[in-house]
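# When you get a sec, could you give me coordinates for this:
(one chain, ligands or ions: 1)
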Amino acid sequence: MSAMPESLPPPPYAVSDLVTTAIPDDERLWVPQAPNIWFRPLFFNTVQGEWVNLLRVRRSGVLSRHRHPAPVHGYVIKGTWRYLEHNWIAKAGDYVFEPPGEVHTLTVDSDDEMITLFHVCGALIYFDDQHKACGYDDVHTKIEMCRRHFESVGLGADYVRQFVR
Ligand code: FE
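Numbering: from 1, shown residues only. Model prediction:
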């Protein structure tokens with residue numbers, strides 16, 4: 001007797017599913033974003049323009065000021081962080097929704113490790129101290145960062161392909 005229930009074959013143009021160890025043993029899967037800041041790619045959606053990743057921070061300080069044109073969902077796995085513009089602190093176990101239009105400044109107050117899963121739709125538009133846009137990240141810049149990093153650590157640029165749909 002099969003352990004699998006009977007099922008229909010997938011529709012012809014359905015994309016494949018994706019299961020991966022979110023917090024990997026292999027340190028090479030953490031892509032450096034800035035000193036003591038890394039992201040671990042989990043899912044890149046090139047059709048909807050969104051991505052899912054873990055953000056890991058191991059230093060205190062201001063990380064970035066950015067605006068979201070589309071929603072972000074976060075789930076804090078470890079540590080704490082906050083936005084200078086808000087009076088709440090996101091801590092392990094918390095869910096955070098960041099609405100479109102928000103400009104905020106991500107800050108970590110402790111050198112203890114922080115890990116948060118973010119589902120980012122659209123982009124992060126970076127702002128400088130004068131509140132002027134000075135750069136962005138979207139699903140394609142994140143993929144490109146992964147390609148460069150995975151190539152440099154010997155996994156090959158196409159290692160990122162498994163996370164792309
Ligand atoms: Fe944000």
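# Against R40, how distant is the residue nearest the centre of the chain?
The structure's the chain has its C-alpha centroid closest to N53; by Cα atoms, centre = their mean the separation is 2.8 Å. From N53 across to R40, the span is 6 Å (Cβ to Cβ, to the nearest Å). Heads up, the C-betas are built off the backbone N, CA and C, glycines and all.
# before we move on, what about T141?
16 Å.
# Which of those two has more residues huddled nearby?
Set T141 next to R40 and count neighbours by other Cβ atoms under 10 Å: R40 wins out with 21 against 14.
# Assess the claim that that one and W51 are in contact.
No. R40 is beyond contact range of W51, at 11.4 Å (criterion: Cβ atoms under 8 Å).
# related to what we said a few turns ago, just give the closest residue to the residue nearest to the centre of the chain, not the sequence neighbours.
F39 (4.5 Å; Cβ to Cβ, 6 or more residues apart in numbering).
# just checking, L42 touches F163?
Yes. The pair L42 / F163 is scored as a contact, 6.4 Å apart, by Cβ under 8 Å.
# Overlap in contacts, these two.
Taking Cβ atoms under 8 Å, 6 or more residues apart in numbering as the contact rule, L42 and F163 both touch L18, T20.
# neighbour count winner among these two?
F163 (20 against 17).
# Could you pull up phi and psi at that one?
The phi and psi values for F163, taken as degrees, to the nearest 10, are phi -100, psi 0.
# same thing with V160?
Dihedral angles (degrees, to the nearest 10) for V160: phi -70, psi -20.
# Helix or strand: which one has the residue lying closest to it once chain neighbours are set aside?
Nearest non-adjacent residue to V160, counting by Cβ to Cβ, 6+ apart: C146, 4.1 Å away. In the assignment (DSSP states H and E), C146 maps to helix 139-152.
# in that helix, what counts as buried?
V139, K142, I143, M145, C146, R147, H149, F150 (16 or more other Cβ atoms under 10 Å).
# For S110, see how far away the third one is.
As defined by Cβ to Cβ, I143 lies at a distance of 31 Å from S110.
# repeat for the second one
Spatial separation of K142 from S110 under the definition Cβ to Cβ is 26 Å.
# Next: the last one.
Using Cβ to Cβ, F150 is found at 30 Å from S110.
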